[in-house]
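Peer 1: Need the 3D shape of this:
(4 chains)
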2 protein chains.
Amino acid sequence: MKNKITLKELAKLLNVSVSTVSKALHDSAEISPKTAERVKELAKLHNYRPNPVAVNLKSSKSGTIGVIIPNISNTFFANVLLGIEARAQKSGLQVITYISNEKLEREQQIAEMLTSGFVDGVLIAISEETQRKKEYDHLFNLVDYDIPVVLYDRINLDLQVDKIGIDDEYSLEEATRMLQARGIKKIGIATSIHHLGVGKLRITGYRNALKNENDFYIANSSKPDSLREKTQKLLVEDKVEAILCTDFVSTMMVYRLAYENKIIIPKDLKVIGFLNADVARFLTPSISYVEQFPEEIGEQAVDLLVNRIENRIGGKQPINKTINTKLIHLESTDF
Amino acid sequence: MKNKITLKELAKLLNVSVSTVSKALHDSAEISPKTAERVKELAKLHNYRPNPVAVNLKSSKSGTIGVIIPNISNTFFANVLLGIEARAQKSGLQVITYISNEKLEREQQIAEMLTSGFVDGVLIAISEETQRKKEYDHLFNLVDYDIPVVLYDRINLDLQVDKIGIDDEYSLEEATRMLQARGIKKIGIATSIHHLGVGKLRITGYRNALKNENDFYIANSSKPDSLREKTQKLLVEDKVEAILCTDFVSTMMVYRLAYENKIIIPKDLKVIGFLNADVARFLTPSISYVEQFPEEIGEQAVDLLVNRIENRIGGKQPINKTINTKLIHLESTDF
DNA sequence: CTGAAAGCGCTTACAG
DNA sequence: CTGAAAGCGCTTACAG
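Peer 2: Numbers count the residues shown, from 1 in each chain, chains lettered A, B, ... in the order given. Have a look, this model is predicted:
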């Protein structure tokens, strides 16, 4: 029922001009202390808040940033969003969320819409389809419209913009070496994302740690049935002593196959997964995993974007940031 | 580099007035077909898109809706957001996301901010703390400011606004009866959310299905250690034949305790959980659960809000909607 | 059929 | 120290 009060109405009530009210509320030195006080008092009384839409129009800003998320059901991305929201609030920015569902077309629609000025900048983790088809025109388009873009998490592509993600290659290399250091020789890897940038890097990390081709045991497929078959072969025929998983699907597949084949984790098989703390800790046995610090990725992504928006970043050089992952030991790698 | 072209610039290029351009682009009958075509052609050429901020200011709308989410890491809420985003896109609305982290204070800050007109309406699942303290002034405040509010999921409270959620009571009553029909007598329930509205309803459903006090086996605590102890008692001492879980934490606790105590699911213990499909299906054994259709809740929440915003809902009567849950049978209730 | 004017709610350079 | 004026980019009732 309360109608929002405007500057104009406030001015009328006070018998001063709109300009005076506006200046008073902004603590302008031009205004006498007396007037300033009167204005502020009445403003507070009426709970005056400037209409953000008007302020934005005046300042040619939208006061919002857009976030494109490929898959919100993935806790990793949900936690990135958590970090983004927290940091954006601090900067007084609203976060408009878009979900691409891993579809190129949807991503293009969103990017197209964003060129009309809904947001001051965009954070994006590109969709799987976009990566596969290497179709980046819609992103270039955003850049052309002078809308700052920051890529997060899925950063293994050639776009001249700021990027923040984890060191995927190193994270799995480190995990593999840890297993080797414990005397494990036969180490396999299961992946359902070998066709994606992050997947490739993680597999490369695994390969780096192993000396030669003969040591590789790789089960890779984006199709569940095929992944199941290949992983089963690794576990049952090749009898790997440990297995690394590059993603949620392959991790769960390994657990499922171990269960079905009565392979006891960690006695018969050590497992290192790539998933979120909530799931990893609650599984039985709990599963050692690579912590990616999604919230921090979100926070730093906003920082990069804000700097770009406010033009605080020197020059035009894109910045590349990497967050260090951490191997968390839980029951699945007990020795 | 491309600077966004404005109506004014378009008008100058065409040697007509701004009004004419605007009308032409809106297919006004006032404009001659010739002019209309000229205008549209140039607009397309320059990829003209009206500045949404200006349009909003003119129409006293923001073109956005706010969504307050208590906990985005919870896949349930993530999927609600998925439904919200999809439906909002269809209605041409932008979704601004806020995360309360289950904190009253944060929720109040958000509500306070929203009164200044960032959004045309708000979807909110109130935080745990808000529910506990029954502190709803900030929500009343939104309503006072004529900002439509729709409550989703956590709807067991006395606020005269539209609501959408699931029938929590019936869902667990049905689950309990299903177990009874299979000849199971000793049925327990584990819950970490008995202090919340949804938790209470779910427990009531369980009680409804059982005849008398003697049949109740309840492990309830919001503290992990205490919940663990109580649940352990149910499983090991009371030796319940089946256990219902009202939430993610209690579900995982049951799995963990079964694992530790070498209780085999489903041979020794049937389990019905309350969690998301992704997790339920991937566990070993997979866990029967109550499907809550979060996406649909999100979609319908937007529908309710849009109707309210456009004043299409007859009268002022708040609408209460309920989505039917569905019991999904997986391995943990194999007979 | 076209355009000048007013106005959405602000901010700010400028005049007094 | 205060206010009138211009303007952010649009829409629309009104005049011609």
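Peer 1: Pick out the residue of the stretch 151-300 of chain A closest to DNA strand C.
Peer 2: Per Cβ to the nearest atom of the strand, A:Asp162 is where the stretch 151-300 of chain A lies closest to DNA strand C, at 27.4 Å. All C-beta atoms are positioned from the backbone trio N, CA, C, and that covers glycine.
Peer 1: do the stretch 201-335 of chain A as well
Peer 2: Distances between the stretch 201-335 of chain A and DNA strand C by Cβ to the nearest atom of the strand are smallest at A:Glu310, namely 14.8 Å.
Peer 1: Give me the neighbour count for that residue.
Peer 2: Neighbouring residues of A:Glu310 were enumerated by other Cβ atoms under 10 Å in any protein chain shown; the total is 12.
Peer 1: Over to A:Leu114?
Peer 2: Neighbour count for A:Leu114, taken as other Cβ under 10 Å: 24.
Peer 1: correct me, but A:Ser100 touches A:Val122?
Peer 2: No - A:Ser100 is not in contact with A:Val122 according to Cβ atoms under 8 Å; the separation is 12.0 Å.
Peer 1: any common contacting residues for those two?
Peer 2: Common neighbours of A:Ser100 and A:Val122 (criterion: Cβ atoms under 8 Å, 6 or more residues apart in numbering or on different chains): A:Ile68.
Peer 1: ok, A:Met252 - contacts?
Peer 2: A:Met252 neighbours (Cβ under 8 Å, 6+ apart): B:Phe282.
Peer 1: And chain B, is stretch A:306-324 touching that?
Peer 2: No - with Cβ under 8 Å from any Cβ of the partner chain as the criterion, chain B is not reached by stretch A:306-324; the gap is at least 11.8 Å.
Peer 1: can you check stretch A:151-163 too?
Peer 2: No - interface with chain B: stretch A:151-163 contributes nothing (Cβ under 8 Å from any Cβ), its closest point being 13.5 Å away.
Peer 1: end-to-end on that stretch?
Peer 2: The stretch stretch A:151-163 measures 5 Å between its terminal residues, going by Cα to Cα, to the nearest Å.
Peer 1: List the contacts of that stretch.
Peer 2: So stretch A:151-163 is in contact with A:70, A:76-77, A:80, A:123-126, A:131, A:134, A:136, A:139-140, A:143, A:148-150, A:164-166, A:168, A:196-198, A:200-201, A:297-298, A:301, A:304-305, A:308, A:313, A:318-321, going by Cβ under 8 Å, 6+ apart.
Peer 1: Show me just the buried residues among these.
Peer 2: For those, a burial check counting by 16 or more other Cβ atoms under 10 Å in any protein chain shown picks out A:70, A:76-77, A:80, A:123-126, A:131, A:136, A:139, A:143, A:148-150, A:164-166, A:168, A:196-198, A:200-201, A:297-298, A:301, A:304-305, A:308, A:313, A:318, A:321.
Peer 1: Just the ones of those residues in helices?
Peer 2: The helices, defined by DSSP state H, take in A:76-77, A:80, A:131, A:139, A:143, A:168, A:197-198, A:200-201, A:297-298, A:301, A:304-305, A:308 from the buried ones among the contacts of stretch A:151-163.
Peer 1: ok, now which ones touch the residue most central in space within chain A?
Peer 2: Centroid-nearest residue in chain A: A:Val80, 4.2 Å away (criterion: Cα atoms, centre = their mean). By Cβ under 8 Å, 6+ apart, the contact set of A:Val80 is A:Ile69, A:Ala125, A:Tyr152, A:Asp153, A:Pro294, A:Glu295, A:Ile297, A:Gly298, A:Ala301.
Peer 1: now do A:Leu104
Peer 2: Contact analysis of A:Leu104 by Cβ under 8 Å, 6+ apart lists A:Ser127, A:Glu129, A:Thr130, A:Lys133, A:Glu135.
Peer 1: Output those in CSV, with pLDDT appended to each entry.
Peer 2: Below are the contacts of A:Leu104 laid out as CSV (pLDDT from 0 to 100):
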residue, pLDDT
A:Ser127, 96
A:Glu129, 94
A:Thr130, 94
A:Lys133, 92
A:Glu135, 93
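Peer 1: Out of the residues you listed, which sit inside strands?
Peer 2: Residues of the contacts of A:Leu104 located in strands (DSSP state E): none.
Peer 1: okay if I get those residues as CSV plus neighbour count?
Peer 2: Shown next, in CSV, are those (neighbours: other Cβ atoms under 10 Å in any protein chain shown):
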residue, neighbour count
A:Ser127, 25
A:Glu129, 17
A:Thr130, 25
A:Lys133, 10
A:Glu135, 16
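Peer 1: contacting residues around the helix or strand of chain A with the lowest mean pLDDT?
Peer 2: When the helices and strands of chain A are scored by mean pLDDT, DSSP states H and E, helix A:277-282 comes last with a mean of 84. By Cβ under 8 Å, 6+ apart, the surrounding residues in contact with helix A:277-282 are A:75, A:248, A:273, A:286-289, A:291, A:328, A:330, B:73, B:252, B:255-256, B:279.
Peer 1: which residues sit in contact with the residue of the stretch 51-200 of chain A found nearest chain B?
Peer 2: Using Cβ to the nearest Cβ, A:Ser116 is the residue of the stretch 51-200 of chain A that sits closest to chain B, at 3.6 Å. Shown in contact with A:Ser116 (Cβ under 8 Å, 6+ apart): B:Lys4, B:Arg49, B:Pro50, B:Asn51, B:Pro52.
Peer 1: same check, this time on A:Ala111
Peer 2: For A:Ala111, the contact set (Cβ under 8 Å, 6+ apart) comprises A:Ile68, A:Val122, A:His138, A:Leu139, A:Asn141, A:Leu142.
Peer 1: What does A:Thr231 show for phi and psi?
Peer 2: The phi and psi torsions at A:Thr231 (degrees, to the nearest 10) take the values phi -70, psi -40.
Peer 1: Look up how far DNA strand D lies from the closest residue to A:Thr115 other than its chain neighbours.
Peer 2: Nearest residue to A:Thr115, sequence neighbours excluded (Cβ to Cβ, 6 or more residues apart in numbering or on different chains): A:Tyr145, at 4.7 Å. Using Cβ to the nearest atom of the strand, to the nearest Å, A:Tyr145 is found at 13 Å from DNA strand D.
Peer 1: Can you tell me the SS state at the residue in the stretch 101-250 of chain A that DNA strand C sits nearest to?
Peer 2: Scanning the stretch 101-250 of chain A for proximity to DNA strand C using Cβ to the nearest atom of the strand identifies A:Gly117 as nearest, at 14.8 Å. Assigned by DSSP: H, G, I helix; E, B strand; the rest coil, the conformation of A:Gly117 is coil.
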